[in-house]
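Enquirer: what would the 3D arrangement of this be:
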Amino acid sequence: MSLRQKLQGKKLGFGTAPLGNMFRNIPEAEALATVDAAWDHGIRHFDTAPLYGAGLAELRLGEALSKRNRDEYVLSTKVGRLILDEIEDPAKRDMGEKGGVFEHGLPNKILNDYGADATLRSIEDSLKRLKTDYLDVVYVHDVAQDFYGDEWLAQFEIARTGAFRVLDRLRNEGVIKAWGLGVNRVEALELLLDLNQPQPNAFLLAGRYTLLDHERALQRLLPAAVKRGIDMVVGGPYSSGILAGGSHFEYQKASPEIVAKVEHIKAIAQKHGISVKAAALQFAMAHPATAAVIPGASRPERIAEDQAAQNEVIPAAFWHEMREQKLVSPDAPLPV
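Expert: Below is the predicted model:
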């Protein structure tokens, strides 16, 4: 059963990066209440990763979901980082272009390792933190330019001979349902598609299919995903928050150019009586490759806002003007 089939048409999921104390120190009760709110609003797809707060997001998600029936939800996490017992200063971690994102997370040392043994250990550790005995989807995390710069291809090669082969075997054995890459860049996904073996059946692409950035994904990746039957999960539909009233873009303070572009979109949205958040979420959902969209949230009320954004009626005239103003690619499928 594919990820899309298991989700039964429910495209709205929950990305738990914020629960790892992204940008701020989130109280435990607030984090758990956010997961409960997602469940109460019918969300049954949860994505997490060891990187998020050095295991903190997995621990919180595992605690919140431990009272739920495991067969009722889809759970995905990632490999490529091991969380050690050693202590380090979270503020001094090398996070590539994402520096300081999880400086409020746990102080456990994070070790990057895409090898075969590390992949198996990472899965075992995640199962313990998540208080579960199986995972539906496992992504190889961040093996791309934004974290490794010029070294990304070397890291990709380690993953190709290590993590990819392990996950392919686990999927073939029925231990997991799907595997792929969880990245913020299109190039790594395109490279993996060019390999003869092994082949993924799910991708998580964050921030590259949004109202602010979608041209590159439309060129080759998304058509290839449709052709090959690969389930695309869109992460970061609000571009780190700037499309939902926040101030971050690409995990950093938004530049004046991005702020100006968002203001332009906001003016068109106000003219047509709709919210930018609804436009951003529904745009990401509209492509036929999209199996799910997983916005993050760190407060319970944000879940209700996401549900409202999904259901908001957006007039065709809004999308026509967005195209006219060259804010949406002519090749992008639009919400009906």
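Enquirer: can you list the low-confidence ranges for the stretch 201-336 of the chain?
Expert: Judged by pLDDT under 70, the stretch 201-336 of the chain has no weakly predicted residues.
Enquirer: helices along that one, start to end?
Expert: 215-216, 222-228, 256-271, 276-286, 300-311, 316-324 (DSSP state H, counting those that start in this stretch).
Enquirer: hang on, Ala118 in a strand?
Expert: No - looking at Ala118 with DSSP: H, G, I helix; E, B strand; the rest coil, it is helix, so not inside a strand.
Enquirer: any idea which helix or strand carries the nearest residue to it once chain neighbours are set aside?
Expert: Excluding the flanking residues, the one nearest Ala118 by C-beta to C-beta, 6 or more residues apart in numbering is Leu82, at 5.8 Å. For every residue, glycine as well, the C-beta is placed using N, CA and C. Element membership for Leu82 (DSSP states H and E) is strand 81-87.
Enquirer: may I see the buried residues of that strand?
Expert: 81-83 (16 or more other C-beta atoms under 10 Å).
Enquirer: then stretch 10-26?
Expert: For stretch 10-26, the neighbour count (16+ other C-beta under 10 Å) marks 11-23, 26 as buried.
Enquirer: among the residues you listed, which two are most distant?
Expert: Pairwise distances across the buried residues of stretch 10-26 peak at 27.3 Å for Lys11 and Asn21 (criterion: C-beta to C-beta).
Enquirer: wait, doesn't Glu305 sit right on Lys277?
Expert: Yes - between Glu305 and Lys277 a contact is recorded at 6.8 Å, counting by C-beta atoms under 8 Å.
Enquirer: more neighbours: which of those two?
Expert: Ranked by neighbour count (other C-beta atoms under 10 Å), Glu305 and Lys277 place Lys277 first, with 22 against 18.
Enquirer: and Leu12, what does it touch?
Expert: 43, 45, 281, 285, 292-293, 295, 306-307, 310 (C-beta atoms under 8 Å, 6 or more residues apart in numbering).
Enquirer: thanks again, I'm all set now.
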